[in-house]
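Peer 1: mind looking at a prediction? Sequence and model below.
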Amino acid sequence: MAIDKFPVEATHIMMFARAIGDTNPIYSDAEYAKGTEVGAVIAPPTFVQASAQFDDQYPLRPMPGKPWFGSGKEATGLRKDPKGDGGGSGGGNGGGLHAEQHYEYHRPLRAGEVLTATNLALKTWEKEGRRGGKLLFSETTTEYRTVAGELVVTARGVGVRTEKVVESK
């Protein structure tokens with residue numbers, strides 16, 4: 001995911017915190033937040049994932065007039081790619097699973113900041129599955145920086161998909 005501009009707005013933080021059921025007032029009450037060590041409203045730990053809504057090409061984002069993950073009669077709303085090349089991300093054609101997600105916060109993310117997001121090189125590896133066939137892993141790392149270039153959050157996700165064994169007849 002590459003994002004040129006991800007505004008971190010106080011109301012967006014508040015709605016995100018409510019959606020995940022976190023009632024900590026540091027996510028919504030500016031007066032309360034002033035009295036904390038951070039001194040401002042901050043975002044919950046997984047908040048940067050909401051930046052996907054600012055990526056016009058994000059495959060899990062609903063796009064008017066196009067089938068998307070979660071719509072239609074197919075399980076994912078999308079027809080599977082015959083090659084099965086889902087990238088192991090757990091989305092797209094439904095051929096993979098999201099296996100891990102890690103967030104490293106270099107400092108708290110404050111309301112009012114504007115971030116950019118940049119993907120680093122994709123890492124891939126294989127393991128032999130217990131039931132035969134390969135497990136194909138892919139790791140993505142996204143850096144979130146302020147417009148001034150300060151690294152604020154590093155997000156790392158791992159997806160896995162299987163390589164189906166083709167049996168000859």
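Peer 2: Here it is on my side, so go on.

Peer 1: now do the SS call for the residue nearest the centre of the chain.
Peer 2: Most central in the chain under Cα atoms, centre = their mean is Gln49, positioned 4.2 Å from the mean C-alpha point. In the three-state summary, Gln49 is assigned as helix, counting by DSSP: H, G, I helix; E, B strand; the rest coil.

Peer 1: please work out how many residues are found near the closest residue to Glu9 other than its chain neighbours.
Peer 2: The shortest distance from Glu9 to any residue other than its chain neighbours is 6.5 Å, reached at Ala111 (Cβ to Cβ, 6 or more residues apart in numbering). C-beta: built from backbone N, CA, C; applies to glycine. Under the neighbour criterion other Cβ atoms under 10 Å, Ala111 is assigned a count of 20.

Peer 1: likewise for the one 3 residues further on?
Peer 2: One way to gauge burial is a neighbour count; for Val114, by other Cβ under 10 Å, it gives 13.

Peer 1: one more: Leu136?
Peer 2: 22.

Peer 1: just to revisit the earlier point, residues contacting the residue nearest to Glu9?
Peer 2: Under the criterion of Cβ atoms under 8 Å, 6 or more residues apart in numbering, the neighbours of Ala111 are Val8, Glu9, Ala10, Ile13, Ala40, Val41, Ile42, Ala43.

Peer 1: distance of the residue nearest to the centre of the chain from Ile42?
Peer 2: Gln49 sits 16 Å away from Ile42, taking Cβ to Cβ, to the nearest Å as the criterion.

Peer 1: low-confidence bits of the chain, can you list those?
Peer 2: For the chain, the stretches with pLDDT under 70 are 1, 68-95, 132, 164-169.

Peer 1: the longest helix in it is where?
Peer 2: If each helix of the chain is counted by residues according to DSSP state H, the longest one is helix 10-19.
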